[in-house]
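From the sequence below, what's the structure:
(chains A, B, C and D)
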Number of protein chains: 2
Amino acid sequence: MSLKHGILGLLTYGSMTGYELMKIFNESLTFFWNAQTSQIYRELDILEKKGWVNSEHILQEDKPNKKVLTISDEGKAELVHWLNGHAAKDMMKIRDGMTMRVFFGSEGDNDALKRELMEYRCINEHFLNSLKHTENELDHREQFVGKSGEKIYWLMGIKRGYKTAKSNIEWVDECLELLENMKGE
Amino acid sequence: MSLKHGILGLLTYGSMTGYELMKIFNESLTFFWNAQTSQIYRELDILEKKGWVNSEHILQEDKPNKKVLTISDEGKAELVHWLNGHAAKDMMKIRDGMTMRVFFGSEGDNDALKRELMEYRCINEHFLNSLKHTENELDHREQFVGKSGEKIYWLMGIKRGYKTAKSNIEWVDECLELLENMKGE
DNA sequence: TGGGTCATGTAACCTGTTACATGATTAG
DNA sequence: CTAATCATGTAACAGGTTACATGACCCA
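Sure, this is the predicted structure:
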């Protein structure tokens, strides 16, 4: 149920189109949630049917017409309800392909596994860099969004990203060391 | 595509029923993958149609009849193929409800958020303890599974669990500190 | 003249969740 | 007598992925 709530959350920053929602997902939320346009438009229809958002068609001359979404009071209430619960449910949804590949590593080729781990490490390094960039943009973002006092929450999100990426990198290094030592036996 | 490969991986330890697969998922793989029986039986049908597993019906008198699954050579080839690739794809599937709740925390109640974080912390502590238990069982497991040299791969999986849980706990503590300091302002 | 941005979606499919159904045996 | 274990699934639904379609404007 969280894509719906992510959309509601973003709409508290202001009314926007599905296209803009998609862009924010890809710019600011990718490190803890991601969504395709197709999914966003589908969810928006559902949110509208539930009465959690209202829409307004805006005709434009130089650009395609657009449909601007606004969160309703019911939508805000639903968001608050979701914010205040469900910690336990989220834990039950772990699905980690890299760990599974390592777990069944004995069936494959050790050199290939090392390459995989190194690629995974590399992705996490890139991710760390992009987070630094996001962190530097926070002040700018706060001005853009017409809402103050958000920075601390965004910072907590970014800290989570750092923690995760760093722990992934440390884990890779420990695995590579174990695999190297194994060779020596 | 990874549940399929998880099943194939487990079947390299030996032939077993859907019921047994489900139990192993809930005992040993929960910390990086989880699956319901309904999904496992559905996937098994697909695996059989693809020719990656073969099945044998076994009639039993004192217990219900059962269907024992065995991995085929094609299945083994598919598993190896999957093991040697796809690191990048896995990274694209992050979906973390707790982080999203923190990210949109300003819309909710700060005390509720703290309670949520503390519950999340608690779940991660429990998880750490269960991992210790799993780690202690590794020798026993290696005897049970008729395959040696697996321990190091299982250990890497468990290390991943430790890293993740510890970084979650550290993150919660940092968040709680930030929220406390905010109050003082 | 080609690629990027703005803006909307549909269709088919795959994967995961929830709830239910059956029925025998065995251990407390 | 009751709950757990063994063992199999189905049905309906929710959520996520991939591929495709349209069309105008703007910049190099």
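
And the strands in chain A, which stretches?
Listed in chain order, the strands of chain A (DSSP state E) span residues A:53-58, A:66-71.

May I see the ones you listed organised as a markdown table, with distance to A:M1 added?
Heads up, the C-betas are built off the backbone N, CA and C, glycines and all. Shown next, in a markdown table, are the strands of chain A (distance: least, C-beta to C-beta, whole Å):
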| stretch | distance to A:M1 |
| --- | --- |
| strand A:53-58 | 15 |
| strand A:66-71 | 16 |
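
near chain B, anything from the worst-scoring helix or strand of chain A on mean pLDDT?
Here the helix or strand of chain A ranked lowest by mean pLDDT, DSSP states H and E is helix A:87-91, holding a mean of 77. Yes. Counting by C-beta under 8 Å from any C-beta of the partner chain, contacts between helix A:87-91 and chain B involve A:87-91.

what sits up against that helix?
B:96-98, B:101, B:116-117, B:119-120, B:123-124, B:127 (C-beta atoms under 8 Å, 6 or more residues apart in numbering or on different chains).

what's the burial count for the residue found closest to A:E135 once you drop the neighbours it is linked to in the chain?
Nearest non-adjacent residue to A:E135, counting by C-beta to C-beta, 6 or more residues apart in numbering or on different chains: A:I158, 5.3 Å away. Burial measure for A:I158: 20 neighbouring residues, criterion other C-beta atoms under 10 Å in any protein chain shown.

cool, A:E142 as well?
Neighbour count for A:E142, taken as other C-beta under 10 Å: 15.

I figured it hits A:S148, correct?
Yes. Using C-beta atoms under 8 Å, A:E142 is in contact with A:S148, at 6.6 Å.

buried sites along the least confident helix or strand of chain A?
A:87, A:90-91 (16 or more other C-beta atoms under 10 Å in any protein chain shown).

Repeat that for stretch A:28-41.
A:28-35, A:40.

With stretch A:60-77 instead?
Here stretch A:60-77 shows A:66, A:69, A:71-72, A:75 as buried, counting by 16+ other C-beta under 10 Å.

what's the first-to-last distance across it?
End-to-end distance for stretch A:60-77: 32 Å, by C-alpha to C-alpha, to the nearest Å.

In this structure A:G146 contacts A:T12, no?
No. The pair A:G146 / A:T12 is not scored as a contact, 10.7 Å apart, by C-beta under 8 Å.

quick one, which of the two is more surrounded?
Each of A:G146 and A:T12 has its neighbours counted (other C-beta under 10 Å); A:T12 has more, 16 against 8.

ok, that one - contacts?
A:71, A:76, A:79, A:147, B:104, B:107.

And A:I123, by the same measure?
Residues near A:I123 by C-beta under 8 Å, 6+ apart: B:87-88, B:91.

Distance to DNA strand C added to the residues you listed, as TSV?
Converted to TSV, those look like this (distance: C-beta to the nearest atom of the strand, whole Å):
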residue	distance to DNA strand C
B:A87	17
B:A88	17
B:M91	15
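
Serialize the residues you listed to JSON lines and add fields for distance to B:L21.
Formatted as JSON lines, those follow (distance: C-beta to C-beta, whole Å):
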{"residue": "B:A87", "distance to B:L21": "25"}
{"residue": "B:A88", "distance to B:L21": "28"}
{"residue": "B:M91", "distance to B:L21": "27"}
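
from those residues, which is closest to A:S167?
For those, the residue nearest A:S167 by C-beta to C-beta is B:M91; the value is 14.0 Å.

Tell me how far the closest residue to A:A35 other than its chain neighbours lies from A:D90.
Nearest residue to A:A35, sequence neighbours excluded (C-beta to C-beta, 6+ apart): A:F25, at 5.1 Å. Counting by C-beta to C-beta, to the nearest Å, the separation of A:F25 from A:D90 is 18 Å.
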